[in-house]
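Visitor: pasting the structure only:
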């Protein structure tokens, strides 16, 4: 609605609401690109809860681009083979089975697709690193302990009423656009009246954060995750730090479980799950939650965009919640920057929902399928009854339920090694132009290399002036046209068209004697452009268009149409 009083204290191109992974990443990318933004967060600090564990490969690629990947590494949880998972009666008790993530990894596909690895690290370690990365970015202002108490859309942007939670001071800000990154319970989404859809909650849990010195107990080969299958208390035990002193136990909610407000009442349950009756334990907090999969019906209303958990929430099975949120931010930020910088039309922003919502729907559905797969190990809301039967057969000659658990564990490989879901996802519609013959992308867990429009540009090692770099280093701030060795005509035409449109495009030729050198001589094949063609890659690293055709008399006209379509320029 349009307020009567439109007086404001501050004007800003972009207001970012919420300093979780999505909001911090949105502000970081906008700041790196040079678009002013204000980031507000109602909490007095970030990194206050562990929540997600696991930064997937595509996110680590972005962290590499942002220069923070090496700051993430020291916070990773060390484990033999990079990620051990276990199913047990308790941490110290009988172990029913074990699985190494590396054992199910498709190493040839991985090594050819990316130089990065996923990281077992908690969200509460990631958030402060992202916040610290905002320091020194002159275009980013951060206000903690600040909540949005009013949001009014006008014909000239969005007026947000902000309240300092410490002082009570109220200010008003006019923003050209708003990125609402305010979590699964998003007040912004509720205020906009946007519904979420998806299956009803499958199970309810209580997350118990606690400290206990367990390094000696878990030994030299600790499991990052252990699914506790125990008739008295069952849930997921998650290591939170490399010293194995900080833990999260996500326990199934059942009758008789203590009130989450009574933290100390959970100590006996933790001791049971660990398997040490007199274990010294300090419970930090207990918080209930429900496992469901929901996706917002709309990701944009006027000049307000939903990002991350505000737009979707998934079960943790698969570990795509935090990662999808950061990729939402990465997708939206360059588009906001392009529009506010004047080298893209406002229509470009319509592509955000068109591209990201189908990805969220797949990730939500896949997380649900992963949960069904986990059920084959006996880990369901009825796990306590199942565990009682497992325990009853302990001394029996035949132990079919233990065999069931082992069979179920053997089926977990696909959702623990989803390289295709991680870096192989693609957009079928949006800010792209598909060439005739390019098939529609169908999501899959298996990684299928492709340089087609909508897909992440294939990873490839190149050189510039003798220095090694990769395609991951090429894309962030502006569109880039990469021409094959015989494609100088495409590069020259791209420069001319970009100059005419005022688009800050870089055009380079990849060849032994090009601006970028490819000693292997395979880039053109990998990208699917051959020696004579070219591809246009967006600032987020996704291919916008490609061709195998050689440059000809109509090359500028072709690129004129491509840039118009991709950037919504609305004419020549």
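Guide: Happy to help now that I have it. The model shown is predicted, which means the values in this text are computed figures rather than measured ones. Numbers count the residues shown, from 1 in each chain.
Visitor: Straight-line length of stretch 133-143, end to end?
Guide: From its first residue to its last, stretch 133-143 covers 15 Å (Cα to Cα, to the nearest Å).
Visitor: any idea of the mean pLDDT in stretch 176-195?
Guide: The average pLDDT for stretch 176-195 rounds to 96.
Visitor: got the buried residues for that stretch?
Guide: 176-184, 186-189, 192, 194 (16 or more other Cβ atoms under 10 Å). C-betas here are computed from N, CA, C, even on glycine.
Visitor: which residues touch that stretch?
Guide: 12-20, 22-23, 26, 148, 151, 157-158, 160, 196, 296-298, 301, 303-311, 313, 325, 329, 332, 336, 339-340, 349 (Cβ atoms under 8 Å, 6 or more residues apart in numbering).
Visitor: if we go to 6 Å?
Guide: 13-18, 22-23, 26, 157-158, 296-298, 301, 303-310, 313, 336 (Cβ atoms under 6 Å, 6 or more residues apart in numbering).
Visitor: Just the buried residues from those residues, in ChimeraX please.
Guide: Buried residues among those (16+ other Cβ under 10 Å), as a ChimeraX selection:
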select :13,14,15,16,17,18,22,23,26,157,158,296,301,303,304,305,306,307,308,309,310,313,336
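Visitor: just checking, which of the contacts of stretch 176-195 belong to helices?
Guide: 22, 23, 26, 336 (DSSP state H).
Visitor: Could you dump the residues you listed into a markdown table and include distance to residue 448 and pLDDT?
Guide: As requested, the ones in helices among the contacts of stretch 176-195 are exported to a markdown table (distance: Cβ to Cβ, whole Å; pLDDT from 0 to 100):
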| residue | distance to residue 448 | pLDDT |
| --- | --- | --- |
| 22 | 28 | 98 |
| 23 | 33 | 98 |
| 26 | 30 | 98 |
| 336 | 31 | 98 |
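Visitor: Out of the residues you listed, the closest to residue 384 would be?
Guide: Using Cβ to Cβ, residue 22 is the member of the ones in helices among the contacts of stretch 176-195 that lies nearest residue 384, at 35.3 Å.
Visitor: and the nearest residue to the closest one once chain neighbours are set aside, what does it touch?
Guide: Excluding the flanking residues, the one nearest residue 22 by Cβ to Cβ, 6 or more residues apart in numbering is residue 308, at 2.8 Å. Contacts for residue 308 were tallied using Cβ under 6 Å, 6+ apart; they are 22, 181, 325, 328.
Visitor: which two from the buried residues of stretch 176-195 end up farthest apart in space?
Guide: 176 and 184 (26.2 Å).
Visitor: residue nearest the centroid of the protein?
Guide: Closest residue to the average C-alpha location of the chain: residue 323 at 1.6 Å, with Cα atoms, centre = their mean.
Visitor: ok so, going back, specify which member of the ones in helices among the contacts of stretch 176-195 is nearest to residue 228.
Guide: So of the ones in helices among the contacts of stretch 176-195, ranked by how close each gets to residue 228 (Cβ to Cβ), first place is residue 22, at 30.8 Å.
Visitor: Do I have it right that that closest one meets residue 325?
Guide: Yes. Using Cβ atoms under 6 Å, residue 22 is in contact with residue 325, at 4.0 Å.
Visitor: which SS state does the residue lying farthest from the centre of the chain fall under?
Guide: Distance from the C-alpha centroid of the chain, by Cα atoms, centre = their mean, peaks at residue 397 (46.8 Å). Following DSSP: H, G, I helix; E, B strand; the rest coil, residue 397 is assigned to coil.
Visitor: and it, backbone torsions?
Guide: With angles defined as degrees, to the nearest 10, residue 397 sits at phi -70, psi -40.
Visitor: same thing with residue 388?
Guide: According to degrees, to the nearest 10, residue 388 has phi -60, psi -40.
Visitor: check contacts around it.
Guide: Applying Cβ under 6 Å, 6+ apart, the residues near residue 388 are residue 231.
Visitor: cool, and residue 542?
Guide: residue 456.
Visitor: for residue 318, helix, strand, or coil?
Guide: coil.
Visitor: That one is in contact with residue 372, isn't it?
Guide: No. Between residue 318 and residue 372 there is no contact, the gap being 11.7 Å when judged by Cβ under 6 Å.
Visitor: which of those two has more neighbours?
Guide: residue 318 (26 against 12; other Cβ atoms under 10 Å).
Visitor: residues in contact with residue 367?
Guide: Per Cβ under 6 Å, 6+ apart, neighbours of residue 367: 293, 314, 315, 317, 318.
Visitor: try 7 Å this time
Guide: Residue 367 sits next to 293, 314, 315, 317, 318, 320 when contact means Cβ atoms under 7 Å, 6 or more residues apart in numbering.
Visitor: can you check residue 76 too?
Guide: Taking Cβ under 7 Å, 6+ apart, one finds 119, 120, 121 in contact with residue 76.
Visitor: Looking at those, which is nearest residue 541?
Guide: Nearest member of the contacts of residue 76 to residue 541, counting by Cβ to Cβ, is residue 119, at 19.4 Å.
Visitor: Format the contacts of residue 308 as a markdown table; extra columns: secondary structure and distance to residue 227.
Guide: Below are the contacts of residue 308 laid out as a markdown table (DSSP: H, G, I helix; E, B strand; the rest coil; distance: Cβ to Cβ, whole Å):
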| residue | secondary structure | distance to residue 227 |
| --- | --- | --- |
| 22 | helix | 28 |
| 181 | coil | 31 |
| 325 | helix | 25 |
| 328 | helix | 29 |
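Visitor: before we move on, back to that, want to throw the contacts of residue 76 into JSON lines with pLDDT, secondary structure and neighbour count?
Guide: Compiled in JSON lines, the contacts of residue 76 are given as follows (pLDDT from 0 to 100; DSSP: H, G, I helix; E, B strand; the rest coil; neighbours: other Cβ atoms under 10 Å):
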{"residue": "119", "pLDDT": "90", "secondary structure": "strand", "neighbour count": "23"}
{"residue": "120", "pLDDT": "89", "secondary structure": "strand", "neighbour count": "23"}
{"residue": "121", "pLDDT": "91", "secondary structure": "strand", "neighbour count": "23"}
